[in-house]
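S.K.: predicted model, plus sequence, below.
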Amino acid sequence: MKMNEKTASSSTNIPPSNPDRIRRRTGWLILSAFVLAALVWSVIGTETTFATFRRAWPNMNEFLHRMWPPDFTWETSEARPFSPPLRLAVLAVSVTLQISLLGTAIGVAGALVFGLLAAENLTAHWVHHPLKVFLALVRSLPIILLALLFVSAIGLGPMPGVLAVAVHSFGMLGKLYAEEFETAAPGVWEALDGAGANWLQKVRYALWPQAARQILSHTLFRFEMNLRESAVLGLVGVAGLGLWIENYRRAFDYRSVTTLVIITMILVLIVDQIVFYLRRRL
Amino acid sequence: MANADYFTPVNSVAMCKCMIQLEHLEVAYDQSRFVLTVESLSIKSGERVAIIGPSGAGKSTLLRCLKGFVQPRRGKVDVFGVNLACSHQRARKAMNQRVAMIYQQFNLIQRLSVLDNALCGRLGRTHRWRSLLGWFTLDDLRMAWAAIVEVGLTEKVHQRVDSLSGGEQQRVAVARAITQEPELILADEPISSLDPAWAVDVLELLITVQRHHKATLVMTLHQPDLARRFADRIVGLRNGRIVWDGPANEVTDKILETIYEDERKDS
């Protein structure tokens, strides 16, 4: 380390002051103040206080009692408007899984193409720049909002869910894929270029081996998120677990709601564990 | 014969059987400063040339010009009679297969095997859709195997490249160059990231390959003694200009001093 004359000649035993360090500390202080102010503002706006909670407590207590115990009956009876939840669960779980699988797959297909075109190192700036903005616009729409729009356009059923999941996954994965392609070491690309490989060959051999692991990891994580999302899409009329939770809730059959909530939790946990295992193995 | 001459294009390359011909070459990365200024340099087919000089003298730039990776501001870069300085993109692409390059950092696909990396040299000659699926022809496989035998990595043919040592990785890079069936091999600091034992090993391999395939070899080197030992012609660069060009055995310590003069003054 080189010291300049000023610091070397000073007789005090503390390091010389650094304007950068002071600026950084002031920055942190200002940021903390802002965050604190924002939190106070939110508490006032949402009335999230212990008083509100205490007022709601009797109601919550009663509601929780009506939800318990979960309904695990299998036999249908004339008295109930719907079949028992366990009977429906098989179909509901299948549809939810199918929506997330197909939606993710379609999203991945689009994201691979657009990810390549949106990578800074692969295309001209007038190609990748607008595409990045486009992908940001696409993923700015939440899945539930997309589903609402698709249900209005297509009608009730599982398909609007598939499209909603596909469009949102496309916007998000497209960006992540592009970033993975951008981080690939440029040397291999140049070497294969020098060996006479064409663009697609360079993508296949210079980029793909370097990016594949991360791309698969992102994709699996997205699938897991899509599964959670498609479970709640029933709220806007997409078939699956969420739709039946909503139906039972409207019929005040809270015990059946609990059954389906438990089934949703088990499904999500299982997929969560499988995805965790697969991503670690990558 | 007179008739044949009539149809041959009259250019200097055809006349002196030169593989590489540089004339009035000027390379600049920004407006003010020239990185490389070469009045004239010609390299004949089958020659073994080492470019030496201090860091920043323009050795790599010169080499990358020959590959078409760097476009000169002015002048002519003639390789196999194609002027890389002004040729159409497609013409330059066609050159790619005939000129193989070895890099300081190997530039291999780390997660793929030795065999796959060797096969990459064939990409320019394989059918597009086949190669995307990784279906190489038997001829490609034969050629890759021959190259791997030549560099002595038969035992590790299916090992992933990132499990190999630096010297072995550079051998894989040589194998990839061989499968390209090049007429010209460019080696950009091929041994700078290797320890001395491997360095000599890799240089010996390069020379063997060059002789065996009757290719021309142009390499940049940091060690003048290795350049004298392995090249038959040495080009000395200093500050982007050629200060020495002659047979390797005529390079004396005095000449080396002129080439490396600046570096010594700086340090």
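M.R.: That came in fine, so what should we check first?

S.K.: so who does residue 194 touch?
M.R.: Unless you meant another one, I'm taking chain A. For A:Gly194, the contact set (CB atoms under 8 Å, 6 or more residues apart in numbering or on different chains) comprises B:67, B:69, B:96, B:99-101. Placement of C-beta: from N, CA and C, glycine included.

S.K.: the intended chain is chain B.
M.R.: Applying CB under 8 Å, 6+ apart, the residues near B:Leu194 are B:166-167, B:170, B:202.

S.K.: mind redoing it with 6 Å?
M.R.: By CB atoms under 6 Å, 6 or more residues apart in numbering or on different chains, B:Leu194 lies in contact with B:166-167.

S.K.: tell me which residue of chain A lies closest to chain B.
M.R.: A:Gly196 (2.2 Å; CB to the nearest CB).

S.K.: find the nearest non-adjacent residue to that residue, please.
M.R.: In this structure, A:Gly196 finds its nearest non-sequential neighbour in B:Gly124, 2.2 Å apart by CB to CB, 6 or more residues apart in numbering or on different chains.

S.K.: wait, does the strand or helix carrying B:Val172 make contact with chain A?
M.R.: Using DSSP states H and E, B:Val172 sits in helix B:166-179. No. Residues of helix B:166-179 are not located near chain A by CB under 6 Å from any CB of the partner chain, the shortest gap being 6.9 Å.

S.K.: ok so, going back, and for the residue nearest to A:Gly196, the neighbour number?
M.R.: Counted by other CB atoms under 10 Å in any protein chain shown, the residues lying close to B:Gly124 total 23.

S.K.: what does B:Ile109 give?
M.R.: Other residues close to B:Ile109 by other CB under 10 Å number 25.

S.K.: so who does it touch?
M.R.: By CB under 6 Å, 6+ apart, B:Ile109 lies in contact with A:188, A:209, B:117.

S.K.: ok, the first one touching A:Tyr205?
M.R.: The one in question is A:Val188. No. Between A:Val188 and A:Tyr205 there is no contact under CB atoms under 6 Å: 7.7 Å.

S.K.: what's next to the helix holding B:Val172, contact-wise?
M.R.: Residues outside helix B:166-179 that contact it (CB under 6 Å, 6+ apart): B:100, B:102, B:106, B:108, B:114, B:117-118, B:120-122, B:143-144, B:147-148, B:151, B:153, B:161, B:185, B:193-194, B:198, B:202, B:205.

S.K.: where's the most centrally placed residue in chain B, which helix or strand?
M.R.: Nearest to the geometric centre of chain B sits B:Leu186, at 0.3 Å (CA atoms, centre = their mean). Under the criterion of DSSP H and E, B:Leu186 resides in strand B:184-188.

S.K.: does that strand reach chain A?
M.R.: No. If you take CB under 6 Å from any CB as the test, strand B:184-188 misses chain A, and the best it gets is 8.7 Å.

S.K.: who are the neighbours in contact with the residue of chain B at minimum distance from chain A?
M.R.: Nearest to chain A, among the residues of chain B, is B:Gly124, at 2.2 Å (CB to the nearest CB). Listed by CB under 6 Å, 6+ apart, the contact set of B:Gly124 reads A:195-196, B:96-97.

S.K.: try it again with 10 Å
M.R.: Residues near B:Gly124 by CB atoms under 10 Å, 6 or more residues apart in numbering or on different chains: A:192-198, A:201, B:93-94, B:96-98, B:131, B:179-181.
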